[in-house]
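A.B. asks: below is the sequence, then the predicted model.
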Amino acid sequence: MPQFGEMLCELREEKRLNQGQLADILHVSTSTISAYETGKALPTMERAIQLWLTTSGLLSISCSGDRACEVRPRCP
């Protein structure tokens, strides 16, 4: 079974986000995302829920440029 960090990395890449973009969306540092993905740290439950919402497709993410992203609820 994949570890949390491996799953996060795969989901982030599926959304075509780099670590910096995901960090900006979640208001954390790039090193925090890196620590999650490498297994050096685990997120709090609140942060884990934010990560799930961001990567699960329940939120619409559009990015322009290197780090400018907009996150909106996905409407049915």
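C.D. replies: Thanks, I have it.
A.B. asks: so where do the strands sit in the chain?
C.D. replies: Counting by DSSP state E, the chain has strands at residues 59-64, 68-73.
A.B. asks: what's the mean pLDDT across the last one?
C.D. replies: Across strand 68-73, pLDDT averages out at 56.
A.B. asks: next: the first one.
C.D. replies: Averaged across strand 59-64, pLDDT comes to 58.
A.B. asks: so residue 8 makes contact with residue 48?
C.D. replies: No: if you go by C-beta atoms under 8 Å, residue 8 and residue 48 don't touch, sitting 9.4 Å apart. Just so you know, the C-beta spots here come from the backbone N, C-alpha and C atoms, and that holds for glycine as well.
A.B. asks: now do the contacts for the most centrally placed residue in the chain.
C.D. replies: Residue closest to the average C-alpha location in the chain (C-alpha atoms, centre = their mean): residue 22, at 4.4 Å. Residues in contact with residue 22 (C-beta atoms under 8 Å, 6 or more residues apart in numbering) are 12, 33, 54.
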